[in-house]
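[1] Everything below, folded, please.
(chains A and B)
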Amino acid sequence: MKYLPLIWAGLWRKRLRTVLTLLSIVVAFLLFGILHGVDAGLAHVMQYQRLDRLYTDSRHGTPLPISYQRQIEAIPGVTAVTPQKVLQASWQDEKNQVLVVGSDRRWFEILWETDVTPGQLAALTATRTGAIVSIACAQRYGWKVGDKVPLTINLPRLDGSKSWAFDIVGIVTMDGHEDDGFTFMVANYDYIDQARAEHKGTVSNYLLRIDDPIHGNRIGAAIDSMFANSPDPTITYSQRLSGQSDLNETFNVTFFTKSVIGAAFFTLLILTANTMMQSVKERVPEFAVLKTVGFPDRLLMAIVLGESLLLTGIGAAGGLTLAKFLMPLARDAIGVAHIAPTVFLEGALVAATVAVVSAWAPSLRARQINIVDALAGR
Amino acid sequence: MSAIRQVSAVTLMNLRSIAGRRAASFVVVVGMAAVVAVVISVLSMSSGFLNTVGKTGRADRAIVLSTSAVSRGGSSLPREAIPLIADAPGVIKDADGKPLVSADVFATMEMIKQSDGLFAPATVHGVGPQAFKLFPQIRLISGRMFNPALHELIVGRLAQTQFAGFEVGSKISLPEGDWTIVGNFESDADQHESELIGDAETIMSAYQRTDFNDVTVMLDSPAAFERFQSALASNPALKLQVVRESVYFAKLAKPLTDFMTLVAYAVGGIMGLGAVLGALNTMYSAVSGRAVEIATLRAIGFGPVPIVVSVLVETLLLTCVGAFFGTALAWLAFDGKPAFSDYYIYRMTVGPGLIALGIAIAAAVGLAGGLFPAIRAARQPVAAAFRAN
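    Numbering: from 1, shown residues only, chains lettered A, B, ... in the order given. Prediction:
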């Protein structure tokens, strides 16, 4: 610690160069923080999507028969199955859209992220025309529990009308969807199926829960092979796979992040190493003086390394802090607003690596200085 | 000595000495290459997407959707509406007096991608009998046209290369049994190339659909659009919206291209700032390392302008070399490579516009990073520079 003033003074010998190098390091770590933050954030979101939840969809996009429910339930490892008949509905005006999911109480047992209460679930089961709506729906359209809401759905009823009435029995908040304005309602599949005129006994897809995420692939394959030769083959996938696949199709985030960070740090390494090299070169006579007064070689190397560590350390801390404050701005564009703590840890490691690698050659040079030659200016 | 000769003499002298400042100069080149490579790679996706999706639309074609639909997939038109749309004014008729319209139906099927073996949706596009007069850009390159009455499809060139099992003659499992791929088509590299095309009626019966998704019509001229639109709007029984096809596809491309542009400029901007700092650092130390040399030049009569120009030229040269490598890297890695997005397959394109952008970025970074060191070099007091050493 007593050498800190010496290291500090050495660092500021050429003010402009140090400031520019420092700013470059800040920029590199700002980039590191933001890109890595987005990447880690997305990975976190994907992990949050449950692996123990599978979707059985139609391979061809055609409706699946409701009879599949019993057959899927019978497969070992499947703990719950619920049908989903997904319908696009509107309330009063075509612009007021509501996503109607025809299902049953098991929907809430599989998608556990809601704050639904047992009372609401009992009411849904007891009321044939009952529906549990999202908070966004209730707020936007001013619906309350007990209201009867007529919706227009492009699905003719037995009497030919396209007007469907639902009784609201509960309002729920879904984790991760608190403020995204997602207007959906879960209604009873049986009500919709009995009242509609066409395609009776069919569903859009099945939502299922399995005992252990590890069995996901095996169970998915078992379901799909069971229906492979039927008129309505299925495709079963986990929610996580579907999210990952979608994201990767649009934009290979991880690859992009790694390339950019790689390029930025390669440049940074050369820059810092160059700065340290020049700085040591200019101070050869000074190091010779230090050697003359008895500084051991090891200590000289440590001083050079210390300068390098201090420089990258300050720069990295500055860049990562800046990234932390700038990150919320990116929320609208990418939906991730926080930088995971591990990113800071990794940043510190990267900074240390850059410091050590770029100080290596200069510190060797400082050690090899020949006192007589250096003082003589040779 | 003339000004031009002064400038060229000093500049050449400068450039010859770059070798002595290898490491520092390398920082500028590599930094610049990274910035340009990132910006161009990301923008190659959006320009490719625009190329594929954007050019699918023509101003003299219109798409008719149901009122609330934002895309063709979410639109639903009852069969009764089709003749009313086809007979509306503004729709061009063929030699037999039949209007050029196609009632379309869209369906998807999960197919395995050749690249990673994962499932991705392939688009099945059902078209009406007039469709190939409506879309003259679609040309068969092998096989034959599908027979509307049979379970037959033709496959777009891009879809065929991206998915496994789309060879001419192969059978794919769709509802109501196997469908045969009987032909392979190209379509001026527009969005149709990522589709399978078959007969709308046959596809609808297989998918148990009763409604069409949309109707595409060919107009007399781009100007006929308003006439066509107001004719359909005046019929209150029809709950329809009419969109110019070019507008529809431009809108479709917008969210993704906006996102890409944001990423390119945000990340590129930060990296660009880093590159400017790197260039400043390099050029300041280059100038201070050559203080005596510059002072000598000034002492023997060289003006400040040649000094400024020489430093600027050196910086610009370094950034342009970097931009060249960056562009080359992006071009080699991405030009013409297919990419997926939702239901579209497109080819990334590194075109002349992007190459010009790369050069512009290099010029901007070079100027920003070279100007201040250049001015400092010219302003250094001659006597002080000699005394310091």
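[2] Residue of the stretch 51-200 of chain A nearest chain B, please.
    Here the residue of the stretch 51-200 of chain A nearest chain B is A:Glu94; by Cβ to the nearest Cβ that distance is 3.9 Å. Bear in mind the C-beta positions are built from the backbone N, C-alpha and C, glycine included.
[3] quick check, that residue in a strand?
    Yes. Per DSSP: H, G, I helix; E, B strand; the rest coil, A:Glu94 lies within a strand segment.
[4] Provide a list of residues in contact with it.
    When contacts are counted by Cβ atoms under 8 Å, 6 or more residues apart in numbering or on different chains, A:Glu94 is found next to A:Thr152, B:Thr67, B:Ser68.
[5] Going by residue numbers, what spans are strands in chain B?
    With DSSP state E as the definition, chain B shows strands at residue ranges B:61-66, B:101-112, B:119-127, B:139-143, B:152-156, B:171-174, B:177-186, B:195-199, B:214-218, B:240-244, B:338-341, B:344-347.
[6] Need the contact partners of stretch A:224-237.
    A:54-60, A:62-65, A:68, A:71, A:75, A:219-221, A:223, B:110, B:119, B:173, B:175-176.
[7] Low-confidence ranges, the chain, go.
    As the question left the chain open, I've gone with chain A. Scanning chain A with the threshold set as pLDDT under 70 gives A:1, A:40-51, A:112, A:176-180, A:239-254, A:330-338, A:378.
[8] I was thinking of chain B, sorry if that wasn't clear
    The low-confidence ranges in chain B, as defined by pLDDT under 70, are B:1, B:119, B:175, B:340-344, B:388-389.
[9] Which segments of the chain make up each domain?
    No chain was given, so I picked chain A. A:4-45+A:252-375, A:60-232 (automatic domain parsing).
[10] switch to chain B, that's the one I care about
    In terms of domains, chain B is parsed into B:3-54+B:253-388, B:68-238 (source: automatic domain parsing).
[11] now these in a markdown table, with mean neighbour count and distance to chain A?
    Formatted as a markdown table, the entries for these read as follows, by neighbours: other Cβ atoms under 10 Å in any protein chain shown; distance: least, Cβ to the nearest Cβ, whole Å:
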| stretch | mean neighbour count | distance to chain A |
| --- | --- | --- |
| domain B:3-54+B:253-388 | 20 | 4 |
| domain B:68-238 | 18 | 4 |
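[12] mind checking how far the residue in the stretch 151-300 of chain A that chain B sits nearest to is from B:Ala264?
    Of the residues in the stretch 151-300 of chain A, the one nearest chain B is A:Ala263, at a distance of 3.5 Å by Cβ to the nearest Cβ. Here the distance between A:Ala263 and B:Ala264 works out to 15 Å (Cβ to Cβ, to the nearest Å).
[13] which helix of chain A spans the most residues?
    With residue count as the measure and DSSP state H as the assignment, chain A has helix A:15-48 as its longest helix.
[14] For it, name the packing helices and strands.
    helix A:239-250, helix A:253-282, helix A:297-326, helix A:331-334, helix A:341-368, helix B:245-289 (3 or more Cβ pairs under 8 Å, 6 or more residues apart in numbering or on different chains; DSSP states H and E).
[15] In a markdown table, list those along with distance to A:Val172.
    Putting those into a markdown table (distance: least, Cβ to Cβ, whole Å) gives the following:
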| stretch | distance to A:Val172 |
| --- | --- |
| helix A:239-250 | 19 |
| helix A:253-282 | 31 |
| helix A:297-326 | 33 |
| helix A:331-334 | 24 |
| helix A:341-368 | 31 |
| helix B:245-289 | 29 |
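[16] wait, B:His151 sits on B:Asp178?
    Yes. With contact defined as Cβ atoms under 8 Å, B:His151 and B:Asp178 form a contacting pair (6.9 Å).
[17] Dump stretch B:308-324 to PDB, keeping only the CA atoms.
    What follows is the C-alpha trace of stretch B:308-324 in PDB, where atoms were taken according to Å, rounded to 0.1, in the frame of the first residue of the first chain:
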ATOM      1  CA  VAL B 308      -2.200  19.200 -40.300                       C
ATOM      2  CA  VAL B 309      -3.000  17.600 -43.600                       C
ATOM      3  CA  SER B 310      -0.300  14.900 -43.200                       C
ATOM      4  CA  VAL B 311      -1.600  13.900 -39.700                       C
ATOM      5  CA  LEU B 312      -5.200  13.800 -41.000                       C
ATOM      6  CA  VAL B 313      -4.300  11.700 -44.000                       C
ATOM      7  CA  GLU B 314      -2.400   9.300 -41.800                       C
ATOM      8  CA  THR B 315      -5.500   8.900 -39.500                       C
ATOM      9  CA  LEU B 316      -7.900   8.500 -42.400                       C
ATOM     10  CA  LEU B 317      -5.700   6.000 -44.100                       C
ATOM     11  CA  LEU B 318      -5.600   3.900 -40.900                       C
ATOM     12  CA  THR B 319      -9.400   4.100 -40.400                       C
ATOM     13  CA  CYS B 320     -10.100   3.300 -44.100                       C
ATOM     14  CA  VAL B 321      -7.800   0.300 -44.000                       C
ATOM     15  CA  GLY B 322      -9.700  -0.800 -40.900                       C
ATOM     16  CA  ALA B 323     -13.100  -0.200 -42.600                       C
ATOM     17  CA  PHE B 324     -11.900  -2.200 -45.600                       C
END
